[in-house]
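Chemist: One predicted model, sequence on top.
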Amino acid sequence: MAGIKYEIIEQVAVLSESPKGWKKEVNLISWNDREPKYDIRDWAPDHEKMGKGVTLTSEEWQALKTFTKQP
């Protein structure tokens, strides 16, 4: 994406993969040299293209993990 700098700090999980090779991933990403955030979005196989996604702070990520463990 033009004008947006990103660095994938940690690849946390691959949630799914499309027939064309795009993967829905959970990653820890630093956007524009800022503090890393957890990120869920689709990525092209080479990580050069991405789909729309959602970013979560560490606190939001922990809350989501807690929520998903409840019955």
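Modeler: On my side now, so go ahead. For clarity, every value in this text was computed on a predicted model and none was experimentally measured.

Chemist: Would you mark the buried spots in the helix or strand bottoming out on mean pLDDT in the chain?
Modeler: Ranking every helix and strand in the chain by mean pLDDT, DSSP states H and E puts helix 58-69 at the bottom, with a mean of 87. For helix 58-69, a neighbour-count test (16 or more other CB atoms under 10 Å) marks residue 61 as buried. From N, CA and C alone the C-beta is placed, and that goes for glycine too.

Chemist: ditto for stretch 39-46
Modeler: 39, 40, 41, 42, 43.

Chemist: how about a markdown table for those residues, with pLDDT and distance to residue 5 added?
Modeler: Output for these, formatted as a markdown table (pLDDT from 0 to 100; distance: CB to CB, whole Å):
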| residue | pLDDT | distance to residue 5 |
| --- | --- | --- |
| 39 | 98 | 14 |
| 40 | 98 | 19 |
| 41 | 98 | 16 |
| 42 | 98 | 19 |
| 43 | 98 | 16 |
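
Chemist: mind listing which of these are in strands?
Modeler: 39, 40, 41, 42, 43 (DSSP state E).

Chemist: re the thing from before, ok, the buried residues of stretch 39-46 vs residue 19, which is closest?
Modeler: Nearest to residue 19 among the buried residues of stretch 39-46 is residue 42, at 12.9 Å by CB to CB.

Chemist: Quick check: the residue nearest to that closest one when sequence neighbours are not counted vs residue 33, distance?
Modeler: The spatial neighbour of residue 42 that comes closest, neighbours along the chain excluded (CB to CB, 6 or more residues apart in numbering), is residue 51 at 3.6 Å. Going from residue 51 to residue 33 by CB to CB, to the nearest Å gives 22 Å.

Chemist: do residue 7 as well
Modeler: Note on residue 7: its distance to residue 33, by CB to CB, is 8 Å.

Chemist: Which of those two has more residues huddled nearby?
Modeler: residue 7 (12 against 8; other CB atoms under 10 Å).
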